[in-house]
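Student: Task: produce atomic coordinates for the following.
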Amino acid sequence: MTKKKDGGAGGCCRVASLLSVDERGQMILPKEIREKAGIKAGDKLAVVVWENKGAFCCLTLIKADGLGGMVKEMLGPVMAGLVRE
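Tutor: Model (predicted):
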């Protein structure tokens, strides 16, 4: 297994932190994670889920202000192709 410069092992995904959920369902993102991700107080995060056999298997957080650009980037070429047809 080849280690990357960032300490990861070969892929793009790694466990960056473990979170606990309190009795109110709240979690705290560690300061180091917030700083590296550029997350500040008041920022909105979108929760993206993947399902496997009807159950969520993965949760991902994406900064909401970047979500619109991602959707446009993914759907832009598809929509442009539909408009030309």
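Student: CA only for contacts and neighbour counts going forward, please
Tutor: Will do.
Student: Please, where are all the helices along this structure?
Tutor: For the chain, applying DSSP state H gives helices covering 31-37, 64-84.
Student: who wins for proximity to residue 25 among the ones you listed?
Tutor: Across the helices of the chain, residue 25 has its closest neighbour in helix 31-37 (19.1 Å, CA to CA).
Student: Residue 23: which of the helices of the chain is closest?
Tutor: helix 31-37 (21.3 Å).
Student: who touches that closest one?
Tutor: Outside helix 31-37, the residues within contact range by CA atoms under 8 Å, 6 or more residues apart in numbering are 16-17, 40.
Student: now, which of those lie within strands?
Tutor: Assigned to strands by DSSP state E, none of these qualify.
Student: would CSV of those residues with distance to residue 49 be doable?
Tutor: Formatted as CSV, the contacts of helix 31-37 follow (distance: CA to CA, whole Å):
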residue, distance to residue 49
16, 18
17, 18
40, 22
